[in-house]
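> Predicted model follows, preceded by the sequence.
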There are 2 protein chains.
Amino acid sequence: MGFCFGVKKSVSLAQDTLKEKKDNLYMLGSIINNPQVIEYFAKEGVKIVDTLDEVPEKSTIITRAHGISPTILKKAYQKNLSVVDTTCPYVRKVQKIAHYLYEKDYFIVIYGDKKHPEVLSLLDTIQNNALVINSIPEAEGITIKEKIGFISQTTKNIYNFYKLASALLNKTEELRIFNTICKSTTERQRSVLELANEVDLMLVIGGKESANTTRLAEISENQGVKTYHIETKSQLKCKWFHPKDKVGITSGASTPDWITNEVIDKLKEWYT
Amino acid sequence: MGFCFGVKKSVSLAQDTLKEKKDNLYMLGSIINNPQVIEYFAKEGVKIVDTLDEVPEKSTIITRAHGISPTILKKAYQKNLSVVDTTCPYVRKVQKIAHYLYEKDYFIVIYGDKKHPEVLSLLDTIQNNALVINSIPEAEGITIKEKIGFISQTTKNIYNFYKLASALLNKTEELRIFNTICKSTTERQRSVLELANEVDLMLVIGGKESANTTRLAEISENQGVKTYHIETKSQLKCKWFHPKDKVGITSGASTPDWITNEVIDKLKEWYT
């Protein structure tokens, strides 16, 4: 499926920055959750760091596509850093919606992974005034609220989002639901669902830490299809395949085409 | 269960009006959907009419608890009529919410009965800019909208309301749901659901045109309990009952206590 719009934009912005200056260029966490892409930037001289403490004053930092927390952004400016903000426009939109709901006094519920960088920066946008849930029992456990605003991490499962929204219906007089799962995520999930019904085995290619890639593997597995989530061709194993198998292949939003093509070439090498 | 808050208020306002003036007092449609109550007002001298054309200038009109359409209200003032507005506060609240959604450009979906007086006056509040639905297929047939506001007639089934809301989830990026089913309706529905599991037979007492009463009968029937919807004791039939039956009794929001008590007394007369 190739890079999604947001990843394409973030990576290309980072590459443009790289062309302009090689020195004192820092990346604050992985720009996208794909180790091979991070490796590429590291080789080009970008220093990957976990916190601002590791960044000297007046350097340039590249943010993650998953968004930057306002608190960290403030610190960066205090340190006189130049900030190349590669936040995905869809992630930025969720932050805006969350902030709006926060100002309008909604009890905010986020469908997301509590420790995912997108959720962390989102929470910081609304000073942690939200409940992050990931399952129906968590939704059912919420006490009655006057009004609830429900949003999602951009890369979650659309079908589960609907189920959770339904579970919130009897928790409030006003339930305001913004489907903030990005179109690309939804489209990939729909595609893998269709594909799963046509194949004997599924390969999902992408970073192990990539939320959207992991979701694709989950959806495929839930259809009862034997599914392997791999990062590169080197993880392929002959023993997974019977020669007559119909193999489905999909990839996450942060998986570069060259990695997917290498997997396809390897399979061709083995079976044609 | 007795009159609900809104009905109690409307009927008492009409009675107060009756004390002040007997002449030229008109009721524009049934104040509540209970024929025995209407009969009472007619006997007291109130003239029940269907349209304003039947009302002479400078008379007094009593509105329905289900709300009055702004168009009709305007006509009434043009005719120099005094208006005793007995609209239920909960119905008025739905009208306010609908008007707000209309001004904010939501595509408005109403769960309701297309010809129910409450829905008609609600539709007039928003110049008919809404889709009234009553079933899942109708919800599923809606094309994708930018944002949808979903509300309900105050007397509809809360369980169906949730089901319809769920069916709307994939129709829009923003779904804003206001649970406008009134507390009294919900409470009556919960009670009849519980009661249905404990009895052999259910009597639902109230006007045949009363939406909320009809709903109680539906819920009871859906639980597989033999259910009779009657207006008065005169409709009771001995053949419905076995002497050892456990009989459940409930009544609509517009059913006066004296009618319910008469039914109970009749049963006692027959079986004790």
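Received the coordinates, thanks.

> Which parts of chain A are helices?
With DSSP state H, the ranges of helices along chain A come out as A:5-20, A:35-43, A:70-78, A:89-103, A:117-125, A:136-140, A:158-168, A:183-196, A:211-222, A:257-271.

> Which of those helices sits closest to B:C238?
helix A:158-168 (45.5 Å; C-beta to C-beta). C-beta coordinates here come from the backbone N, C-alpha and C atoms, glycine included.

> Let's have the helices of chain A in JSON lines, adding mean neighbour count, distance to chain B and mean pLDDT.
As requested, the helices of chain A are exported to JSON lines (neighbours: other C-beta atoms under 10 Å in any protein chain shown; distance: least, C-beta to the nearest C-beta, whole Å; pLDDT from 0 to 100):
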{"stretch": "helix A:5-20", "mean neighbour count": "17", "distance to chain B": "17", "mean pLDDT": "93"}
{"stretch": "helix A:35-43", "mean neighbour count": "16", "distance to chain B": "30", "mean pLDDT": "93"}
{"stretch": "helix A:70-78", "mean neighbour count": "15", "distance to chain B": "24", "mean pLDDT": "93"}
{"stretch": "helix A:89-103", "mean neighbour count": "18", "distance to chain B": "9", "mean pLDDT": "97"}
{"stretch": "helix A:117-125", "mean neighbour count": "22", "distance to chain B": "17", "mean pLDDT": "95"}
{"stretch": "helix A:136-140", "mean neighbour count": "14", "distance to chain B": "13", "mean pLDDT": "97"}
{"stretch": "helix A:158-168", "mean neighbour count": "20", "distance to chain B": "4", "mean pLDDT": "95"}
{"stretch": "helix A:183-196", "mean neighbour count": "18", "distance to chain B": "10", "mean pLDDT": "93"}
{"stretch": "helix A:211-222", "mean neighbour count": "23", "distance to chain B": "16", "mean pLDDT": "94"}
{"stretch": "helix A:257-271", "mean neighbour count": "14", "distance to chain B": "29", "mean pLDDT": "94"}
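
> Adding distance to B:N134 as columns, could you present the ones you listed in CSV?
Output for the helices of chain A, formatted as CSV (distance: least, C-beta to C-beta, whole Å):
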stretch, distance to B:N134
helix A:5-20, 40
helix A:35-43, 52
helix A:70-78, 46
helix A:89-103, 31
helix A:117-125, 38
helix A:136-140, 27
helix A:158-168, 19
helix A:183-196, 29
helix A:211-222, 34
helix A:257-271, 48
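
> nearest to B:H229, of these?
helix A:158-168 (30.7 Å).

> list the helices and strands that closest one packs on?
Counting contacts by 3 or more C-beta pairs under 8 Å, 6 or more residues apart in numbering or on different chains; DSSP states H and E, helix A:158-168 packs against strand A:107-111, helix A:136-140, strand A:145-152, strand A:172-178, helix A:183-196, helix B:158-168.

> Adding distance to A:L122, write those out as CSV.
Formatted as CSV, the helices and strands packed on helix A:158-168 follow (distance: least, C-beta to C-beta, whole Å):
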stretch, distance to A:L122
strand A:107-111, 7
helix A:136-140, 17
strand A:145-152, 8
strand A:172-178, 12
helix A:183-196, 15
helix B:158-168, 25
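
> chain center to stretch A:78-86: distance?
Its chain's C-alpha centre and that of stretch A:78-86 lie 22 Å apart, by C-alpha atoms, centre = their mean, to the nearest Å.

> Tell me who's in contact with A:F107.
The contact partners of A:F107, by C-beta atoms under 8 Å, 6 or more residues apart in numbering or on different chains, come to A:131, A:145-149, A:172.

> Please convert the residues you listed to JSON lines, extending it with distance to chain B, pLDDT and neighbour count.
As requested, the contacts of A:F107 are exported to JSON lines (distance: C-beta to the nearest C-beta, whole Å; pLDDT from 0 to 100; neighbours: other C-beta atoms under 10 Å in any protein chain shown):
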{"residue": "A:L131", "distance to chain B": "18", "pLDDT": "98", "neighbour count": "14"}
{"residue": "A:K145", "distance to chain B": "12", "pLDDT": "97", "neighbour count": "17"}
{"residue": "A:E146", "distance to chain B": "11", "pLDDT": "97", "neighbour count": "10"}
{"residue": "A:K147", "distance to chain B": "9", "pLDDT": "98", "neighbour count": "16"}
{"residue": "A:I148", "distance to chain B": "10", "pLDDT": "98", "neighbour count": "24"}
{"residue": "A:G149", "distance to chain B": "10", "pLDDT": "98", "neighbour count": "25"}
{"residue": "A:T172", "distance to chain B": "8", "pLDDT": "97", "neighbour count": "23"}
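
> To B:V109, which of the helices of chain A lies closest?
helix A:158-168 (15.6 Å).

> CA atoms only: put the closest one into CSV for me.
Provided in CSV are the C-alpha atoms of helix A:158-168 (Å, rounded to 0.1, in the frame of the first residue of the first chain):
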residue,chain,number,x,y,z
ILE,A,158,-12.5,1.4,12.8
TYR,A,159,-14.7,-1.5,13.7
ASN,A,160,-13.7,-1.4,17.3
PHE,A,161,-14.1,2.4,17.3
TYR,A,162,-17.8,1.9,16.4
LYS,A,163,-18.2,-0.8,19.0
LEU,A,164,-16.8,1.5,21.7
ALA,A,165,-18.9,4.4,20.6
SER,A,166,-22.0,2.1,21.0
ALA,A,167,-20.9,1.2,24.5
LEU,A,168,-20.7,4.9,25.4
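
> can you give me the angle it makes with helix B:158-168?
If you take axes from the mean of the first three to the mean of the last three C-alpha atoms, to 10 degrees, helix A:158-168 sits at 160 degrees to helix B:158-168.
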